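> The sequence and its predicted three-dimensional model are supplied below.
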Amino acid sequence: MRFLVTGFGPFGSERDNPTQGLVDALPEDLVFPPREEGGERHPIVTAMLPVTVAGVRERLPRLLAEHRPQVYVGLGLAAGRPALAIERFGLNILDFPMPDNDGFQPAEVPIVADGAEAYRSTLPLKAVVSAWREAGIAGYVSNTAGTYVCNLALYTALHWASVHDPGMRAGFMHVPYATESVPNPRKDPSLPFTALRHGVLVALETAVTLTQH
Ligand code: PCA
C-alpha cells in the first residue's frame, strides 16, 4: 500500500509548524505488521503544501495524480487543541479567520461551485482513536477541520477521490503544538514531538489493517 502524507509550513503568527518536521521525520517505508510478524513495506511519499488557496488547489491534485496513493493523510497544526485530532468532515467552504500566505482572505466562498456541501473522511476514524489510546497517545475524532487551508486540503482530496479514484482513502489529522516549540508553554497545550510522530505512524498502521481485507 502506498501512502501520501503532506505537511504545511508557517502561517499567520505560527512560526514553527510541527507538521513540517513531521513529514521530514517519517520513514520512507512503514513496516507493518512488525518485522517479526512478516514485515510488509508500505512506501510513504511525503510532500509539503503551501498555506495558500492557489497552492493547495494546484499542488494537491497534482500529487494525488502523480503518486496515486491508496491512502492520503494531510497533516496540519491546530494551535490550542490539546491532542491529536482526526477529522470527520471536509466542508465546501472557504471562510478564513486570517489571510493565507498570499494575503488572500476569502469569506463564505465555496471550494467547488455546486460541489457536495461536505465529504466524509474515508479513514477508519474510531479505529485510529482506539489505536492511539492503546499506544497511550491523546487523540480524538474532530467533526470539522475548520474553514481555513487545512479544510481546503481535506475537501480537495476527498473531492478528487470522488472524481478520479473512489477507492482511495483520504483524511486529515490536526496536531497540537510540539512541546519543543510551543510559543507560550504556560498557556498553550502541546505534546512532545515524538508523540506526534508516533501518532501519525499509528494512524497509518491502522489504515493498513483496515484496508487489507
Ligand atoms: N494549519 C492551518 C493551515 C495550515 C496548518 O498547518 C489550518 O488548520 O487550516
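Alright, I've got the coordinates.

> For the chain, list the residue farthest from the centre, please.
Here the chain reaches farthest from its C-alpha mean at residue 36, the gap being 29.3 Å by Cα atoms, centre = their mean.

> okay, that one: pLDDT?
Residue 36 carries a pLDDT value of 93.

> Next, find the distance separating it from the ligand.
Separation of residue 36 from the ligand (Cβ to the nearest ligand atom, to the nearest Å): 36 Å. Backbone N, C-alpha and C define where each C-beta goes, glycine included.

> what's the closest non-adjacent residue to residue 40?
residue 32 (6.4 Å; Cβ to Cβ, 6 or more residues apart in numbering).

> how about that neighbour, what does it touch?
39, 40, 42, 204, 205, 208, 209 (Cβ atoms under 8 Å, 6 or more residues apart in numbering).

> and this structure, which of its residues are near the ligand?
For the chain, the residues in contact with the ligand (Cβ under 6 Å from any ligand atom) are 8, 11, 17, 19, 51, 76, 77, 78, 146, 148, 149, 150.

> Give me the secondary structure label for the residue lying closest to the last one once chain neighbours are set aside.
In this case it means residue 150. The shortest distance from residue 150 to any non-neighbouring residue, by Cβ to Cβ, 6+ apart, is to residue 76 (3.7 Å). Put simply, residue 76 is strand when judged by DSSP: H, G, I helix; E, B strand; the rest coil.

> Surely residue 76 and residue 142 touch.
No - when contacts are counted by Cβ atoms under 8 Å, residue 76 is not listed as touching residue 142 (11.4 Å).

> ok, these two, which is more surrounded?
Neighbour comparison, residue 76 and residue 142: the larger count goes to residue 76, with 27 against 20 (by other Cβ atoms under 10 Å).

> quick one on the thing from earlier: bridging residues for the residue nearest to residue 150?
residue 174 (DSSP bridges).

> quick revisit: which of the contacts of residue 32 has the largest number of neighbours?
residue 204 (21 neighbours).

> hang on, that residue in a helix?
Yes - applying three-state DSSP, one finds residue 204 inside a helix.

> what separates it from residue 124, distance-wise?
11 Å (Cβ to Cβ, to the nearest Å).

> Return the member of the contacts of residue 32 nearest to residue 172.
Nearest to residue 172 out of these is residue 204 (Cβ to Cβ; 13.3 Å).

> now stretch 173-181: mean pLDDT?
97.

> any idea how far it is from the chain center?
13 Å (Cα atoms, centre = their mean, to the nearest Å).
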